[in-house]
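Novice: Need a 3D model of the sequence below.
(one chain, ligands or ions: 1)
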Amino acid sequence: MQVLVHGGAGSAPDDPDPRQAVLERAAETGSNETDPVDAVEQAVRVLESSPRFNAGVGSAVQSDGEIRTDAGLMTDDRAVGAACSMPGVEHAVSVARVVMEETPHGFVSGEQAVSLADVFDIETGVDLWSERTREKWADLEAPTGGTKAELEWIKQRYGASDPGGRDRSGEQSGDAPDRDPQDHDTVGAVAFDGERLAAATSTGGRWLALAGRVGDVPQVGAGFYCSPAAAVSATGAGEDIARVTLSRRVARHVECGLGADTAASLAIEEFAELTGSTAGVIVLDAHGTLGSAYNSDAMQTASRTR
Ligand SMILES: NC(=O)C[C@H](N)C(=O)O
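Specialist: Numbering: from 1, shown residues only. Here you go, the predicted structure:
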């Protein structure tokens with residue numbers, strides 16, 4: 001089994017070494033599996049359980065002070081499952097898998113997704129707050145007073161720094177108020193067993209987002225995609241990733257004959273040109289070739305073959 005994982009595209013983290021150790025453990029855990037769906041699910045679950053990443057425990061907090069998780073999973077036969085806006089769900093990737101395998105649907109949201117998780121024995125009601133998110137949330141001093149007040153608050157702030165720490169004009173925004181140096185850390189995995197491919201992505205979204213906001217991660221073709229040619233997981237500025245269906249774009253380039261790395265680089269170049277924003281992708285093709293590209297300051301990855 002070949003597994004490649006990422007820990008989000010964004011500004012360079014202060015703690016790359018311990019993060020890298022978790023990524024290595026995730027890749028190894030996935031590579032011990034014999035089925036690519038198990039491989040991506042188990043790899044992502046390791047990352048969701050680490051407070052160092054913005055997925056599961058340690059996820060970003062939305063404007064109403066609630067943490068909601070999102071994930072998507074897909075296989076090369078185009079089976080797909082996604083789930084979003086789930087409070088108290090650490091392993092969003094496992095809910096995405098339930099949607100794929102146990103329902104006739106592709107995407108389930110909110111309270112009902114949490115109920116579905118419960119029915120299939122995925123733990124709910126989990127405390128997803130980490131020390132870091134608690135401190136950051138307290139520092140932000142979010143307004144109380146409902147949706148209108150929250151919207152006014154986030155409109156000035158959301159996207160003032162993208163996951164690469166740059167403002168929308170491409171200038172460094174290091175001294176912007178409320179800039180979040182850890183606005184990255186979405187996690188993803190791709191796996192190949194020599195015949196079958198799978199891809200999965202999981203996140204808590206982005207800081208300073210309106211309650212109920214859903215980014216690219218659970219949108220098929222945007223935050224994740226898998227075709228018989230390639231498995232892809234994306235990370236970065238979710239609204240921009242979705243508007244150019246970034247993961248689908250990478251797979252399409254592989255389908256047109258490009259190598260995994262070239263396909264990833266070309267898709268990121270196109271993404272940057274079309275949106276002026278930052279993102280990263282990992283890809284594993286049906287020849288077992290790994291590829292990745294990003295235009296943010298950093299994107300940590302780890303891979304393992306067994
Ligand atoms: N850090 C990320 O990758 C965020 C994620 N793509 C989102 O927009 O929800």
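Novice: the helices in the stretch 51-200 of the chain, which residues?
Specialist: Across the stretch 51-200 of the chain, reading from the start of the chain, the helices by DSSP state H, counting those that start in this stretch fall at 92-102, 110-119, 131-140, 147-155.
Novice: Of those helices, flag the one that's most buried.
Specialist: By mean neighbour count, with neighbours taken as mean count of other Cβ atoms under 10 Å, helix 92-102 ranks first of the helices of the stretch 51-200 of the chain at a mean of 25. C-beta: built from backbone N, CA, C; applies to glycine.
Novice: Pull the distance from that helix to the chain's centre.
Specialist: Mean-position distance between helix 92-102 and its chain equals 15 Å (Cα atoms, centre = their mean, to the nearest Å).
Novice: quick one, it and helix 110-119 angle?
Specialist: 80 degrees (axes from the mean of the first three to the mean of the last three Cα atoms, to 10 degrees).
Novice: what is the mean pLDDT for helix 92-102?
Specialist: Averaged across helix 92-102, the pLDDT comes to 99.
Novice: next one: stretch 12-32
Specialist: The model assigns stretch 12-32 a mean pLDDT of 96.
Novice: Kindly report the same for stretch 226-239.
Specialist: Within the predicted structure, the mean pLDDT of stretch 226-239 is 98.
Novice: how close does Ser50 sit to Val5?
Specialist: Using Cβ to Cβ, to the nearest Å, Ser50 is found at 12 Å from Val5.
Novice: These two - which one has more neighbours?
Specialist: Between Ser50 and Val5, counted using other Cβ atoms under 10 Å, Val5 has the larger neighbour count: 31 against 22.
Novice: shaky segments in the stretch 201-306 of the chain?
Specialist: Low-confidence regions of the stretch 201-306 of the chain, defined here as pLDDT under 70, do not occur.
Novice: Tell me where it has strands.
Specialist: Taking DSSP state E, counting those that start in this stretch as the criterion, the stretch 201-306 of the chain contains strands spanning 224-226, 230-236, 279-285, 290-294, 298-305.
Novice: neighbouring contacts of the shortest one?
Specialist: When you say that, I think you mean strand 224-226. Taking contacts as Cβ atoms under 8 Å, 6 or more residues apart in numbering, the residues outside strand 224-226 that touch it are 72-76, 78, 188, 190, 197-201, 217, 231-234, 247-248, 250-251.
Novice: let's go with 6 Å and repeat that
Specialist: Contacts of strand 224-226 with the rest of the structure, by Cβ atoms under 6 Å, 6 or more residues apart in numbering, involve Gly72, Met74, Thr75, Asp76, Leu197, Ala199, Thr201, Val232, Ser233, Ser247, Arg248, Ala251.
Novice: Any idea how many residues pack against the residue lying closest to Glu28 once chain neighbours are set aside?
Specialist: Leaving out its chain neighbours, the residue that sits closest to Glu28 by Cβ to Cβ, 6 or more residues apart in numbering is Arg304, at 5.0 Å. Look at Arg304: counted by other Cβ under 10 Å, it has 21 neighbours.
Novice: One more: Ala209?
Specialist: With other Cβ under 10 Å as criterion, Ala209 counts 23.
Novice: same question, Glu123
Specialist: 12.
Novice: Against Ala92, how distant is it?
Specialist: When Cβ to Cβ is the yardstick, Glu123 and Ala92 sit 11 Å from each other.
Novice: And Gly212, by the same measure?
Specialist: 16 Å.
Novice: related to what we said a few turns ago, tell me who's in contact with the residue nearest to Glu28.
Specialist: The neighbours of Arg304, taking Cβ under 6 Å, 6+ apart as the test, are Val3, Ala27, Glu28, Ser31.
Novice: If you rank the residues you listed by neighbours, which is first?
Specialist: In terms of neighbour count, Val3 stands highest of those at 30 neighbours, by other Cβ under 10 Å.
Novice: so what does the strand or helix carrying that residue touch, helix or strand wise?
Specialist: The secondary structure element spanning Val3 is strand 2-10 (assigned by DSSP states H and E). In this structure, strand 2-10 makes packing contacts with helix 16-31, helix 36-48, strand 187-192, strand 230-236, strand 279-285, strand 298-305, judged by 3 or more Cβ pairs under 6 Å, 6 or more residues apart in numbering; DSSP states H and E.
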